[in-house]
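**Student:** Fold the following and give me the result.
(chains A and B)
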Amino acid sequence: MTHAPMTSPVARVRRRLSGRTASAAAIVIAVVWTVPTAGLLVSSLRPEEQIKTTGWWSFFTDPTMTLRNYDEVLFGRPSSGQLASYFVNSFVIAVPTMVFVVTLAALAAYALAWTRFPGRDWLFVGIFALQIVPLQMSLVPLLRLFSEGVAIGGVEVMPPWDLQGAFQFTTVWLAHTVFGLPLGIFLMHNFVAQLPHSLVEAARADGAGHGVIFRRVVLPLIVPALVSLAIFQFLWVWNDLLVALIFAGGNVEVAPLTVRLAEMAGTRGDEWQRLTAGAFVSMIVPLIVFFSLQRYFVRGLLAGSMKG
Amino acid sequence: MGFDIHSELPKLLWLGIGTAAFLAVIGLLLVLVDHGPKSRRDWWQAACFLSPAGLLLLVGLIYPVVRTTVLSFRDRAGAEWVGPSNYTWMFTQPEILLVLRNTLLWVLFTPALATTIGLVYAVLVDRSRYEAVAKSLLFMPMAISFVGASIIWKFVYEYRPAETDQIGLLNQIVVWLGGRPQQWLLDQPLNTLLLIVVLIWIQAGFAMVVQSAAIKAVPDEIIEAARIDGANGWQQFWRVTLPMIWPTVTVVLITISVQTLKVFDIVRTMTGGQFTTSVIANEMYNQAFRYGEIGRGSALAVFLFVLVVPLVLVQVRKIRRTREAQ
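**Tutor:** Numbering: from 1, shown residues only, chains lettered A, B, ... in the order given. Sure thing, here's the model as predicted:
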C-alpha cells in the first residue's frame, strides 16, 4: 500500500520491496475483474457440446473454435434468439433518443443560461431536482397516458396511442427522452453557462437574435460537451432494461437486445451457447464506444452517474 | 424462418423519418425565433427554447410523480381510496419484509465494498507503468449493460452435478479445493450476496476513476512534507491522502448507494426475484406490471423515492461545500 511518490534512492528501494505485495494485490483485483468476461468470450467461440460439458478453461488444452453460436443466435430460428432483429431495435431506440435529448437539452440549457425572464433560476432548480426522481415513480402513469389517452371531464383531449409495427418505437423514444432530459439539461447548463459573457454580449450588440447566437456562436463551442452527453445517453439507452421492458414489451418488432437477453437467461438458462454469444452481441457496441472514445466516455459517465 | 432484412426496413425508415422530422422542426424553430414580434422578445424566445423540454418533463415526470403518489393511496385498479393500507401491507407482509431486508443488504454491502476496492486499486496502480491499461480493465464493466454483466456472472455461478465436469468457474474452484459443487443461486441469503458481487464488479470501476482523480489532485508538497516528517507509505495514506480525499469518497459512497437502491436488472436477469432475492425495484415491477396491483406498486415506488431523497440532499450539500472550498 505504500504508493506515495518517493524519489530518493532509499525510498525507491523501500518502494520496490513493498511494491511487490502491492503489485500482487493489484494483479489479483485485475484478474478477478477480467476473467469472468474472458471466460464468457472464450465460451462463446466453443462448440455447443463442449460449452455444456466442460469448463471454458479446457479450451486452452483443447482449442476448437467456431462462429456457429454467433451465426445461430443472430440469424437462426426465432427460438434460438433472432438477435439480429433485436440488435436493429436497440439501434432504432437509442439513436433518435440520443438526438432528441442532446438537442432539447442544449436548447433548454441555453435559454436557462443566457436569456432573461422572471423565475428563471427557480426553473433551473426545479429541473435539477427532477434528476433524483426514480424512474419507478413515473412508469405507471406514463404508460397509462399512452394506452388510455387523456380525457378531461369526459372530453377526449388525446386519444389512446394504438400504434402498430415500427410506429411502436415512438412511445419508447418519448419515454427515454423524458428520462434523459433532467440530467442532460443540467450537464449542458454547466457547460453553456461557462462560456465567456463577452462572446454572447458582442453578438447581441450586433443585433443578433438568440436563434442566430445559438446556431453560430454557442453550438460550435459546446461540441465536446454534446459528444459526451450523446455517448452517455446512447449507452444508457442501449444498456437499459426497465424502460424498454415497460414501453416496448418483449415483441420482436420493438424490443431491444437487453429485453431479449434477460428473457433468454430466464427461460433458456441452460442454452449457454446462445447466452454467451448473445451477451457478446449486446456488449460489442458499448465496448467499441468504450475503447475508441474513452476520454469522452469517462467524462460522460462520471457526470451521468446520478441518473434515474 | 430466420433473419429477414425486409422486416427491418420499416424500422430504419421510421428511425430516419422521426429523426429528420425532429431536426427539421428544431431548425425551423431556430430560424423563426428571431423573426417574431419585437416586444418582450427575450421572454418569448426563451419560451420557444424551453417549451419542448418543459412540456415533456411536465407530462412525463411531474404529472406522473403526483399521480403515482395519489395511486399509492388507492386500490389495485386505482379507482377507490384505501387510505394507507398499501403501506401497511408493505411493512407487514412477510415476503415484502424480506424484499426490504434484501434491499438493505444491497445498500449495506455494495457502496462500501465497491468504494473500498476502487480506492485500493486506485492507490495500487497510481503512477505505475501500466496505469492506463490497469484502469481500463477495472472500468470496462461500466460500459456493458447490467444484463450482460448478469449473464457473465450467471455463467460463473453455473452448477453441474458433482459426478460431471463443472462449467462454472466458482464451482470448479470449489472442486479444485476439494469441496462439493453447489447451486449458489438457490439458498438465501447467500444468493443475494452473490448478486451483490455483480453490482460491486460493475461499480468498482466508477469508484476507482473518481477517487483516482482525487488522489492525483493531492499536492505533492504535502505528501513530501509528511515523508520528511518520517511518515511511511502506510501512514502517508491514512494520515494525509485519505483525509484529503474524504469528500470525494463520501460522494462516491452516496452515488453508488442511490444506484444500489434502484437495482433491478441484475435481479431480474439472474433469478427473476425468485428464491427470496427480490428487491424493491423488482417487486415494484412485479406488483404494478405483472400482478396488476397498481396501488401496491405505486406505494413501493414512493417508498423508493423517499429512500433516495435524503441521500441526494446530502450529496447536493457536499458538492456545494466542495465548490465553495475551492
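**Student:** B:Phe139 versus B:Asn191, what's the distance?
**Tutor:** Taken as Cβ to Cβ, to the nearest Å, the spacing of B:Asn191 relative to B:Phe139 amounts to 27 Å. Any C-beta I mention is one placed from the backbone N, CA and C, and that applies to glycine too.
**Student:** in chain B, which segments are predicted with low confidence?
**Tutor:** Per-residue confidence of chain B (counting by pLDDT under 70) places the weak regions at B:1-3, B:318-320, B:322-326.
**Student:** just the strands in it please.
**Tutor:** Remark: no strands are assigned in chain B by DSSP state E.
**Student:** Nearest to chain A: which residue in it?
**Tutor:** Proximity to chain A, evaluated over chain B using Cβ to the nearest Cβ, is greatest for B:Gly233 at 2.2 Å.
**Student:** Could you measure from that residue over to B:Trp43?
**Tutor:** Look at B:Gly233 and B:Trp43: by Cβ to Cβ, they are 61 Å apart.
**Student:** So between those two, which is more surrounded?
**Tutor:** B:Gly233 (23 against 12; other Cβ atoms under 10 Å in any protein chain shown).
**Student:** what about the residue nearest to A:Ala106 when sequence neighbours are not counted, which helix or strand?
**Tutor:** On the basis of Cβ to Cβ, 6 or more residues apart in numbering or on different chains, the spatially nearest residue to A:Ala106 that is not a chain neighbour turns out to be A:Met188, at 5.2 Å. Remark: A:Met188 resides in helix A:169-192, with elements defined by DSSP states H and E.
**Student:** List the buried residues in that helix.
**Tutor:** Applying a neighbour-count criterion of 16 or more other Cβ atoms under 10 Å in any protein chain shown, one finds A:169-189, A:191-192 buried in helix A:169-192.
**Student:** Next, give phi and psi for A:Thr34.
**Tutor:** Note on A:Thr34: backbone dihedrals following degrees, to the nearest 10 are phi -110, psi -40.
**Student:** Count the residues that sit near it.
**Tutor:** Neighbour count for A:Thr34, taken as other Cβ under 10 Å: 14.
**Student:** Repeat that for A:Ser198.
**Tutor:** For A:Ser198, the number of neighbouring residues by other Cβ under 10 Å comes to 9.
**Student:** On the pLDDT front, check it for me.
**Tutor:** Reported pLDDT at A:Ser198 in the predicted model: 88.
**Student:** next one: A:Thr66
**Tutor:** 90.
**Student:** ok, and the closest non-adjacent residue to it?
**Tutor:** Across the structure, with Cβ to Cβ, 6+ apart as the measure, the residue nearest A:Thr66 apart from its sequence neighbours is A:Pro47 (5.2 Å).
**Student:** Distance-wise, check that neighbour relative to chain B.
**Tutor:** Applying Cβ to the nearest Cβ, to the nearest Å, one obtains 13 Å for the distance of A:Pro47 from chain B.
**Student:** Count the neighbours of that residue for me.
**Tutor:** The burial metric for A:Pro47, expressed as a neighbour count using other Cβ under 10 Å, is 13.
**Student:** now do B:Asp126
**Tutor:** 19.
**Student:** my read: it touches B:Ala214, true?
**Tutor:** No. Shown here, B:Asp126 and B:Ala214 do not form a contact pair, counting by Cβ atoms under 8 Å, at 11.1 Å.
**Student:** Mutual contacts of these two, please.
**Tutor:** Residues touching both B:Asp126 and B:Ala214 (Cβ atoms under 8 Å, 6 or more residues apart in numbering or on different chains): none.
**Student:** I'd say the residue nearest to A:Ala106 and A:Leu104 touch.
**Tutor:** No. Under the criterion of Cβ under 8 Å, A:Met188 makes no contact with A:Leu104, lying 9.6 Å away.
**Student:** if I look at B:Asn282, how far off is B:Gly36?
**Tutor:** Counting by Cβ to Cβ, the gap from B:Asn282 to B:Gly36 is 50 Å.
**Student:** And these two? Which one has more around it.
**Tutor:** More neighbours sit around B:Asn282 than around the other of B:Asn282 and B:Gly36, counting by other Cβ under 10 Å; the figures are 24 against 14.
**Student:** which residues are contacting the helix or strand that contains A:Gln50?
**Tutor:** A:Gln50 is part of helix A:48-53, with elements assigned from DSSP H and E. By Cβ under 8 Å, 6+ apart, the residues outside helix A:48-53 that reach it are A:43, A:58-59, A:62, A:64, A:68-69, A:270, A:272-273, A:276, B:164-165, B:167.
**Student:** Just the CA atoms of that helix, as PDB, please.
**Tutor:** Backbone C-alpha positions of helix A:48-53 (Å, rounded to 0.1, in the frame of the first residue of the first chain) are rendered in PDB as follows:
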ATOM      1  CA  GLU A  48     -22.200 -26.200 -28.100                       C
ATOM      2  CA  GLU A  49     -21.400 -29.700 -26.800                       C
ATOM      3  CA  GLN A  50     -18.200 -28.500 -25.300                       C
ATOM      4  CA  ILE A  51     -19.700 -25.500 -23.600                       C
ATOM      5  CA  LYS A  52     -22.300 -27.600 -22.000                       C
ATOM      6  CA  THR A  53     -20.000 -30.400 -20.800                       C
END
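**Student:** That one: what's the following helix or strand?
**Tutor:** helix A:68-75.
**Student:** Restricting to C-alpha, output that next one in CSV.
**Tutor:** Presented in CSV, the C-alpha positions along helix A:68-75 are these (Å, rounded to 0.1, in the frame of the first residue of the first chain):
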residue,chain,number,x,y,z
ARG,A,68,-21.7,-21.1,-35.3
ASN,A,69,-23.1,-19.8,-32.0
TYR,A,70,-23.0,-16.3,-33.3
ASP,A,71,-24.5,-17.3,-36.6
GLU,A,72,-27.3,-19.2,-34.9
VAL,A,73,-28.1,-16.6,-32.2
LEU,A,74,-28.1,-13.7,-34.7
PHE,A,75,-29.7,-15.2,-37.8
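**Student:** That helix near chain B anywhere?
**Tutor:** Yes. Counting by Cβ under 8 Å from any Cβ of the partner chain, chain B has neighbours in helix A:68-75: A:Leu74, A:Phe75.
**Student:** and that helix, what does it pack onto?
**Tutor:** helix A:83-114, helix A:272-292 (3 or more Cβ pairs under 8 Å, 6 or more residues apart in numbering or on different chains; DSSP states H and E).
**Student:** now the angle between helix A:272-292 and that helix, please.
**Tutor:** For helix A:68-75 against helix A:272-292, the angle by axes from the mean of the first three to the mean of the last three Cα atoms, to 10 degrees is 80 degrees.
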